[in-house]
Structure formats: C-alpha cells, structure tokens
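Enquirer: Below are the sequence and a predicted model for it; my questions follow.
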Number of protein chains: 2
Amino acid sequence: MKMKDKILACAQKLVQQRGFNGFSYADIANEVGIRKASLHHHFPTKADLGLSLIKVYSEQLDSALFSISSSSLPANEKLLQYIALYRGSLEAKRICLGGMLATEALTLDTAMLPSLKQFFTRNTEWLTEILIEGQSQQVFILGNGSASNYARMLLSSLQGALLISRATDNAEAFEQTASSLMTSLMRKS
Amino acid sequence: MKMKDKILACAQKLVQQRGFNGFSYADIANEVGIRKASLHHHFPTKADLGLSLIKVYSEQLDSALFSISSSSLPANEKLLQYIALYRGSLEAKRICLGGMLATEALTLDTAMLPSLKQFFTRNTEWLTEILIEGQSQQVFILGNGSASNYARMLLSSLQGALLISRATDNAEAFEQTASSLMTSLMRKS
DNA sequence: GTCTATAACGAGATAGAC
DNA sequence: GTCTATCTCGTTATAGAC
C-alpha cells in the first residue's frame, strides 16, 4: 500500500471517529510512521486532505452502491445491504464521513461543500431508484408519499441512528430504527 | 441578563453551529464583551462549560416538551410542534446540540457522556408517549412496529434531516423528510 | 468579577539537507 | 519522499493586580 493511500485511510478513520476538527497531522504521523512535515508533501494543506477524503469516500460509496445494484436481489434485500453499510461503520465506532463533515460544515473550507452536497444527492438518488424498483416488485408500499421524499427520510434516519447509537453505545437502538424503517416500507397495515 | 447566562447562550450557539471542537474561549470573549481570562471565572475549564451546556439544553428541552404535552391538541399536532423545534434550529443555521455532541463523543470529556445519553433517552421516551397517545386517538397507525422503535426512528430521522439540510443549504429537504414521517404514521395505505 | 500578562502546549505550515 | 529544525499563531489555563 502506497504511503499516500495509508495516509488517506488513516485520516478517513480519524475523521469518522473524531471529526475533521478533532484530529491533527501529528495523529496521522504517529499512526502511519512518518513525520508531520512529510505529510505536507502528499497533502500541502489540511483542506487539500479534506478534499481528497470526500472524493475517495464518494468513490467508495459509488463502488458499494454499484455492487448492490448489480445483484439480482429483490429491492428490499438491496435496501438491507445498504443498511448493512451503516452497521459496518457502527461496529468500527465510526459514523459516516459525510454525516460528520455535515455537522462541521460551517467550519470547513468552502471548497469541500459542493462534493459534500453531491455525496448526499448520490445517496438520495440511489435510494429513490431502489424504492421505485421495490414498488414495481410489490415488496415496498409507499402510500401517498413520493419515492424521493421517502429516500431522503431513509438517508436522514440512518445517518441519525448511526450517530446516536454510537454516542450512546447502544447498537440495539440502530437495529430498532432499521427495523422500523423496513416494516414501515413493507407493511400492509 | 447575567454574564454567566450570556456566556452560556453564546457558547450554546457556537456549539450548535460549529461544534464543541470548532470554537474557542476567544470566540466567546469577542461576542460577550469580556476578556478570555474572565471566562475562566465562570467556567474554569472547557469541560465545565460543556457540562453546563448539556445541562441547560436538557432543561430547555424539558420545558419545550412539557409545554407541548400540556396542550389539549391531538397527538399528530403535538408531533408537528416537536418537529417545529427542529425547524427553528435549521432556520438559525444550528443543529441540535445533542446531535452535534454525539458526533464529537469520542473527543469529549467522558463526564459529558451520561448527560448526553440521557438527553436522547428523554426525547425517545417523550416521542413514545406521543405515539401511544396518537394510537389511542386513532390519528396514528403504527402497524406491527412498537411505539418505542418508531420513536427512535423519528428522533434519528429528524436529527439526520437537520444536519443534512443545513449542510446542503436545502430547507426543502427537511420538509420532505418531515412530511414523509407524518404520512407514514397517518396513512391507511 | 474583570483585568493584564504570561505560561505551556499543540496546531498547521515552511525551508532546506539528504 | 522523508528528514530535522524552525516559525507563527491559536489554544486552554494560571497568577496576581484592581
């Protein structure tokens, strides 16, 4: 693994666990085994690092979403796989990098904000597709609400559940929210 | 207004907008009009300030929830008033103080964590009551899911919607999520 | 209760040798 | 690409006068 990728992986973990304002170049240097000054060769400023982080994370998302979409599973199973991405974060005591940066938005270099917005748009659009797919497969029942509205609600709910469950050290709370989301989509009432 | 309360109000705004790691005593000093050193007379350490902030915010919550509960409105109207609390934050470009601290949990003085957990518990319990009330009034239809599970989902969703809507500068996204939450509770499918 | 002054430390960043 | 050395600034916090 190239040093640049080691740095990115380490910084990504630190942002997801502690926030962009919650770690320093010294933290990365200690973990990857080079000196602080050497980090600036790869990422001249912390804002440069931040831009790369959101870019890499968006690529990871695209890859994961493509993998899920490509399967021949029914839409409800695809949604469960999407939820499993969040569960994986929780187990590593991480929240979503997008969600973390969103809370810190007012303190970030404004160059990071368009990519952040795009990250949420991407999630919402993908979820909307899955919901529409599920409707036509008759595994989801959306009632009067539009699919895109429901997609936003799913995204918000998973982001919120992730941060609350981690902070309260209550994994069961995440599962209960996930369960409520699935049943409210599938129930016939 | 006493200086101590001015400091608390200012610090609360700064936390909700920028995060606990996103402001300094210098920021408060500039806004309230005293010197940095004088702040330490009121709050010796930043952790002391943090503890007071979560305590005061929890009191504000209790007051707001009591006010809503005391009305004779139907449960769905009470829930709309609860949602309006989040809308008010969004309009001030703030997120929930609890949600913000939750993302920073791994960097906070551990003395703050029990109060933070209690804050989320309080929200969940109140929402559970409202949902049960709404069921008996037949304005809410919960299907198979339990009221407390649904309450957690509501809380998570509103927290997530608040931070995403603020970061993407898209108030409509918040309204769409709020709308989806209400319709999924009230629809007969 | 607020002030000036300062300590002690860590942050992001740069220069230049190897 | 990584190092040592250094800079500048901002951070939390303390001491002691008023």
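Expert: Looks like it arrived, so ask away. Bear in mind the structure is a predicted one, so any value in this text is a computation, not a measurement.
Enquirer: distance of residue A:8 from residue A:20?
Expert: Distance of residue A:8 to residue A:20, computed by Cβ to Cβ, to the nearest Å: 14 Å. Every residue, glycine included, has its C-beta placed from N, CA and C.
Enquirer: more crowded one of the two?
Expert: Taking other Cβ atoms under 10 Å in any protein chain shown, residue A:8 and residue A:20 do not tie; residue A:20 has more neighbours (27 against 22).
Enquirer: which one is the more buried one nearest to, not counting chain neighbours?
Expert: Excluding its sequence neighbours, the residue lying closest to residue A:20 (Cβ to Cβ, 6 or more residues apart in numbering or on different chains) is residue A:104, at 5.3 Å.
Enquirer: Hmm, residue B:20 and that neighbour touching each other?
Expert: No - between residue A:104 and residue B:20 there is no contact, the gap being 10.8 Å when judged by Cβ atoms under 8 Å.
Enquirer: hey, where'd the helices end up in chain A?
Expert: For chain A, applying DSSP state H gives helices covering A:3-18, A:25-32, A:36-42, A:46-70, A:75-91, A:97-103, A:113-136, A:147-167, A:171-186.
Enquirer: closest to residue B:32 out of the ones you listed?
Expert: In terms of Cβ to Cβ, the element of these nearest to residue B:32 is helix A:97-103, at 24.2 Å.
Enquirer: How far off centre is the closest one?
Expert: Centre-to-centre, helix A:97-103 and its host chain are 8 Å apart (Cα atoms, centre = their mean, to the nearest Å).
Enquirer: Using TSV, lay out the helices of chain A together with mean pLDDT.
Expert: Below are the helices of chain A laid out as TSV (pLDDT from 0 to 100):
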stretch	mean pLDDT
helix A:3-18	98
helix A:25-32	98
helix A:36-42	98
helix A:46-70	98
helix A:75-91	98
helix A:97-103	98
helix A:113-136	98
helix A:147-167	98
helix A:171-186	96
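Enquirer: CSV for those helices, including distance to residue B:127?
Expert: Output for those, formatted as CSV (distance: least, Cβ to Cβ, whole Å):
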stretch, distance to residue B:127
helix A:3-18, 28
helix A:25-32, 38
helix A:36-42, 45
helix A:46-70, 30
helix A:75-91, 21
helix A:97-103, 21
helix A:113-136, 24
helix A:147-167, 13
helix A:171-186, 12
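Enquirer: out of the ones you listed, nearest to residue B:30?
Expert: Nearest of the helices of chain A (Cβ to Cβ): helix A:97-103, 22.9 Å.
Enquirer: Output the closest one as CSV, nothing but the C-alphas.
Expert: C-alpha atoms of helix A:97-103 as CSV (Å, rounded to 0.1, in the frame of the first residue of the first chain):
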residue,chain,number,x,y,z
LEU,A,97,-17.8,10.7,6.8
GLY,A,98,-20.4,12.7,5.0
GLY,A,99,-22.5,13.0,8.1
MET,A,100,-19.5,14.0,10.2
LEU,A,101,-18.5,16.7,7.7
ALA,A,102,-22.1,17.9,7.5
THR,A,103,-22.1,18.8,11.2
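Enquirer: now for that helix, which elements pack on it?
Expert: helix A:3-18, helix A:46-70, helix A:113-136, helix A:147-167, helix B:97-103, helix B:147-167 (3 or more Cβ pairs under 8 Å, 6 or more residues apart in numbering or on different chains; DSSP states H and E).
Enquirer: again, only this time at 10 Å
Expert: helix A:3-18, helix A:46-70, helix A:75-91, helix A:113-136, helix A:147-167, helix B:3-18, helix B:97-103, helix B:147-167 (3 or more Cβ pairs under 10 Å, 6 or more residues apart in numbering or on different chains; DSSP states H and E).
Enquirer: The first one and DNA strand C, any residue contact?
Expert: No - under the criterion of Cβ under 7 Å from any atom of the strand, DNA strand C is not reached by helix A:3-18; the shortest gap measures 10.1 Å.
Enquirer: Return the set of buried residues in that helix.
Expert: For helix A:3-18, a neighbour-count test (16 or more other Cβ atoms under 10 Å in any protein chain shown) marks A:6-8, A:10-18 as buried.
Enquirer: Would you mind checking which of those is nearest to residue A:108?
Expert: residue A:15 (11.0 Å).
Enquirer: Return the residues of chain A in contact with DNA strand C.
Expert: Taking Cβ under 7 Å from any atom of the strand as the measure of proximity, chain A contacts DNA strand C at A:23-27, A:36-37, A:40, A:44-47.
Enquirer: need those residues in JSON lines with neighbour count and distance to residue B:67, can you?
Expert: Below are these laid out as JSON lines (neighbours: other Cβ atoms under 10 Å in any protein chain shown; distance: Cβ to Cβ, whole Å):
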{"residue": "A:23", "neighbour count": "20", "distance to residue B:67": "40"}
{"residue": "A:24", "neighbour count": "13", "distance to residue B:67": "43"}
{"residue": "A:25", "neighbour count": "18", "distance to residue B:67": "47"}
{"residue": "A:26", "neighbour count": "11", "distance to residue B:67": "47"}
{"residue": "A:27", "neighbour count": "15", "distance to residue B:67": "44"}
{"residue": "A:36", "neighbour count": "13", "distance to residue B:67": "52"}
{"residue": "A:37", "neighbour count": "9", "distance to residue B:67": "56"}
{"residue": "A:40", "neighbour count": "14", "distance to residue B:67": "53"}
{"residue": "A:44", "neighbour count": "10", "distance to residue B:67": "52"}
{"residue": "A:45", "neighbour count": "10", "distance to residue B:67": "47"}
{"residue": "A:46", "neighbour count": "17", "distance to residue B:67": "43"}
{"residue": "A:47", "neighbour count": "15", "distance to residue B:67": "43"}
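Enquirer: any chance of those residues in TSV, plus distance to DNA strand D?
Expert: Below are these laid out as TSV (distance: Cβ to the nearest atom of the strand, whole Å):
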residue	distance to DNA strand D
A:23	15
A:24	11
A:25	10
A:26	10
A:27	14
A:36	7
A:37	3
A:40	7
A:44	11
A:45	14
A:46	13
A:47	16
